[in-house]
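# Based on what follows, work out the 3D shape:
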Amino acid sequence: MTLKQELANIAKKAKNAARFMLSISSEAKNQALMEMAASIEKEKEAILKANKKDLENAKSKGLSSAFIERLTLSDKRIDEMKQSLIEVAKLRDPVGEVLKEWLVPNGLKIQKVRTPIGVIAIIYESRPNVTSDCAGLCFKSGNCVILRGGSDALNSNFAIYQALKKASDKSGFPEGAINIVTTVNRRAVDELLKLNNYIDLVIPRGGEALIEQVAKVSRIPVIKHYKGICHIYVDEYADLNMATDICFNAKVQRPGVCNAMESMLVHKDAAIRFLPLMLKKFKDAGVEIRGCKMTQKIAKGQVKRATEKDYRSEYLDLILSVKVVEDLNEAVSHINEYGSHHSDAIVTDNEENAARFLKEVDSACVYVNASTRFTDGGQFGMGAEIGISTDKLHARGPMALEELTTYKYLIFGNGQIRTG
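Okay, here's the model as predicted:
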C-alpha cells in the first residue's frame, strides 16, 4: 500500500465515523471520556516506558533542553492528562446548543444551532500530552480526529493513542473516531493536507517552519497556532513588587512554552527603580538578558545589546529581550509591531492606562496585572485546549469545545412556499 493510499484510508474511516458521531448522546461521549481517563491511568507504565525511548533518542541527537522538557512525561503529567479528560467529560456539551432563534413574518421558525466540524487533523511536534488533550476535546465536541505528531515523540504518542483507542472501542465507538498517523515519512503531512474530500479542518501546533509549511501546502482550511512572542509592559504606575513577581513567573516558571514572556517593556520613569532588582533576579535564575541602550546603561553594561531580530524572536528558553519605552503609546506600538498577537500584559494601577492597553493591543489574550502563563484552556476553565489560535477566524486564543464546532440553520415550517 502506498503512503497516499494509507492516509486516504485513515481519512475515509474518519469521515464515515463522523456521521456516526452526529447521533451520539452527551452521556455516551462522557462515559467514553471517563473510560479514556481510566485507560490512561491503567497504561501509565507503558506510556512512561515509550516516553523513555523517545527521551533517549532525543538526547542522543543533542536536542535542546527546552525540547527535552516539552517531550518529557512524568507521573504528574500523565495524571494531568487523565484529569483533563475527566474535566472535559464534566463540561457542558456545546453540540445542539441553540445560539439564536427567531420567527420571520411568513411563520418560519429559524434556529442557529451548534454542530461538529467533522474531521479535524491535528499536526503537532514534541508535546505528547497534546495527543490526549486534542483527542478528548474532539471526541466531546462530536468530531473525529487524525493525529500526526512529531517523529521525536512517536513512541509516546502511539502509546497514548493505544490507551485512548482501547477505551473508545470498549465504549462501542467506530474505528475511525480517533486516528493516528505513525509513519515517519516526511511526505505524510503534505499528502494529508491534500485530502480535502475527507478532512474539514487542519490545526498545526509547533514551530514556525511547520506552521508555514502547513499554511502553504494545505487544500483544507487551517487555523494557525503560531509562535508566542508575548510581552509584559511595566507601566509607570505599576506596583513594582507585583511586577517583579509577574515578570519572573512569566519568564522562568516554564520558559519552553508559547505563553511564556519573551520580551519585557518598562516605562522610562519606572526603569531606574525596577530594572536593577529585576535583572538581578533574572540573572540568579540563569536568564540571559538582551536589552536596549537604556537597559544596558542601567545594568552598567552587564547585558547584551538587543537586536531587531531579538524583538521578533520566540526563544522558548531562558533568554529575554528588554526595552525601556517612553510611554504607553510606544509600548502598545512595539507590541503590535513585534508581537505575534498571542498574549500580552500590562502591570499598572492606573485604570485609564489599563483600559487603553486592553483596547489597543491587538492580541488574542490581553491581561491586566497577571502573568501571560494563564493563556491555557485548562486555566481558562475549558478543561483542555487544542492550542492557542493566533488567527482571527473562526477561532482566536485557547481553542476548546465551542471553538471545535460550527453551526447550521434549522428551519421549521407548516407548508410555506415562496412566491416572490
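# among the helices and strands of this protein, which has the poorest mean pLDDT?
Lowest by mean pLDDT, DSSP states H and E among the helices and strands of the chain is helix 65-71, with a mean of 87.
# for that helix, packing partners?
helix 44-60 (3 or more C-beta pairs under 8 Å, 6 or more residues apart in numbering; DSSP states H and E). The C-beta positions use only the backbone N, C-alpha and C, and glycine is treated the same way.
# So what touches the helix it packs on?
40, 67-68, 71-75, 78, 128, 152-156, 158-160, 162-163 (C-beta atoms under 8 Å, 6 or more residues apart in numbering).
# from the chain's centre, how far out does the least confident helix or strand of the chain sit?
17 Å (C-alpha atoms, centre = their mean, to the nearest Å).
# Return it as CSV; C-alpha atoms alone will do.
Presented in CSV, the C-alpha positions along helix 65-71 are these (Å, rounded to 0.1, in the frame of the first residue of the first chain):
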residue,chain,number,x,y,z
SER,A,65,16.9,21.2,26.9
ALA,A,66,13.7,23.2,26.2
PHE,A,67,12.8,20.5,23.6
ILE,A,68,13.5,17.7,26.1
GLU,A,69,11.4,19.4,28.7
ARG,A,70,8.4,19.6,26.3
LEU,A,71,8.9,15.9,25.3
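# Which members of the contacts of helix 44-60 occur in helices, if any?
Applying DSSP state H to these, the entries found in helices are 40, 67-68, 71, 75, 78, 154-156, 158-160, 162-163.
# how's this structure carved up into domains?
Using automatic domain parsing, the domains assigned to the chain come out as 3-225+386-412, 230-374.
# measure the shortest one end to end?
Looking at domain 230-374, the gap from its leading to its trailing residue is 12 Å under the measure C-alpha to C-alpha, to the nearest Å.
# what's the answer for the first one, then?
As for domain 3-225+386-412, its first-to-last residue distance stands at 46 Å under the measure C-alpha to C-alpha.
# neighbour-wise, which of the ones in helices among the contacts of helix 44-60 leads?
residue 160 (32 neighbours; other C-beta atoms under 10 Å).
# Which residues are in contact with the residue nearest to residue 43 when sequence neighbours are not counted?
Residue nearest to residue 43 in three dimensions, not counting chain neighbours: residue 163, with 4.0 Å by C-beta to C-beta, 6 or more residues apart in numbering. Neighbouring residues of residue 163 by C-beta under 8 Å, 6+ apart: 36, 39-40, 42-43, 46-47.
# From those, keep the buried residues only.
Neighbour-count burial (16 or more other C-beta atoms under 10 Å) applied to these gives 36, 39-40, 43, 47.
# and these as CSV, adding distance to residue 4 and pLDDT?
Below are the buried ones among the contacts of residue 163 laid out as CSV (distance: C-beta to C-beta, whole Å; pLDDT from 0 to 100):
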residue, distance to residue 4, pLDDT
36, 31, 98
39, 32, 98
40, 33, 98
43, 32, 98
47, 31, 98
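# Closest one of the residues you listed to residue 392?
Proximity of the buried ones among the contacts of residue 163 to residue 392 (C-beta to C-beta) peaks at residue 36, which lies at 32.3 Å.
# I am finished for the moment; much appreciated.
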